Structures are given as structure tokens and as C-alpha cells.
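> below is the sequence, then the predicted model.
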Amino acid sequence: MSTEPKPEREFSAGGVVLRDGEVAVIRPKKRDQDGNAVIALPKGHLDGDETAEQAATREVREETGVEADLVEKLGDVRYFYQRKGRRIFKIVAFYLFRYRTGDVADHDDEIEEVWWWPLERAARELSYPGEREMVERALSRMRES
């Protein structure tokens, strides 16, 4: 029988925001555990009794500065990480969004920079494999439509 404590659980929601074959990517001010800059998709924790869809929509607006329409759920990314010596199991629900309006210069102060990247570039260069997979899913959905 294992004496290792059961991991804590976290849940977040985020978005893959598409505009003319490009995706909104962010560079948060917060660094990874090794101190490296991160290139990521907008995401964050749910506030109060928000649904995952509402949280993803809010995080997209706050972190990218744009308004976008939710299209569909792309999937969940699941992973473990360490925080202050504790093991955390995290699930991030990702949704596909279509850009409606707004300027990426209007992002909140937790974010250093926001860019529109071609989907193929984001699928190669995002920092986290699960987020690269979500961009791949968005790319395949675009090809299907």
C-alpha cells in the first residue's frame, strides 16, 4: 500500500481563439518552474460558480484582449505538476473560439505579450504538449469545415 498522499486536484478552462487561420497565443509574466518564458494558450481557474465555458470565455477576454464566440469543446488536457512539494493533478478544459472583435494590445497586466500566430506554428512552438495538441485539434476541425 502506498504511503504517498493523494494528489490535490485543480481545474481550469481555456481557449483556442481562431482568426483567419491564426490563433491567439500569450506570453504570461509568470515563468515555468525553471524560470523560462512560456508561450501558451489563454486559460485560468473558474471564479465562483462559473461554468467551464464561462471561465474560458472570460480568460480569453482578459488574457488576449479580444471578444470571441465559443464554438465547441476541443478536449481536456490532464497532467501532474509539483507546487511547494505537493503533487497536483490538473485538468484544463479547452474550447474552440472564433474571434469577433478587439485588439490583442488590450490584454490584462498578467500577460507580457499576445500574438496572432499561424496554427501550424503554434502547433509546433507552444510550450506545453497538451496545448499543442489542442491547436492540432482546432487545425483538423478547420480542415473538416
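Thanks, I have the structure now.

> mind listing the strands for the protein?
8-19, 22-28, 43-45, 66-83, 86-102, 111-118 (DSSP state E).

> show me how far the fifth one is from its chain's centre.
Think strand 86-102. Computed by C-alpha atoms, centre = their mean, to the nearest Å, the chain-centroid distance of strand 86-102 equals 4 Å.

> over to the first one?
The chain centroid and the centroid of strand 8-19 are separated by 4 Å, computed with C-alpha atoms, centre = their mean.

> tell me what angle it forms with strand 22-28.
140 degrees (axes from the mean of the first three to the mean of the last three C-alpha atoms, to 10 degrees).

> ok and strand 8-19 relative to strand 66-83, angle-wise?
Using the same axes, to 10 degrees: strand 8-19 against strand 66-83 is 150 degrees.

> elements contacting strand 8-19?
The contact analysis (3 or more C-beta pairs under 8 Å, 6 or more residues apart in numbering; DSSP states H and E) places strand 8-19 against strand 22-28, strand 43-45, helix 52-64, strand 66-83, strand 86-102, helix 129-144. Using the backbone N, CA and C atoms, a C-beta is placed for each residue, glycine as well.

> to residue 34, which of those lies closest?
strand 66-83 (12.1 Å; C-beta to C-beta).

> same question for the closest one, mean pLDDT?
The average pLDDT within strand 66-83 is 94.

> next: stretch 100-120.
pLDDT averaged over stretch 100-120 gives 96.

> okay, buried residues for it please.
For stretch 100-120, the neighbour count (16 or more other C-beta atoms under 10 Å) marks 102, 104, 107, 111, 114, 116-117, 119 as buried.

> stretch 127-144 too?
128, 130-139.

> just give me the least confident of these.
Least confident entry in the buried residues of stretch 127-144, by pLDDT: residue 139, with 90.

> out of the helices and strands packed on strand 8-19, the one nearest residue 10 is which?
Each of the helices and strands packed on strand 8-19 was scored for nearness to residue 10 using C-beta to C-beta, and the closest is strand 86-102 (4.4 Å).

> angle of the closest one against strand 66-83?
Using the same axes, to 10 degrees: strand 86-102 against strand 66-83 is 170 degrees.

> in its sheet, what does strand 86-102 sit against?
If you go by DSSP bridges, strand 86-102 pairs up with strand 8-19 (parallel), strand 66-83 (antiparallel).
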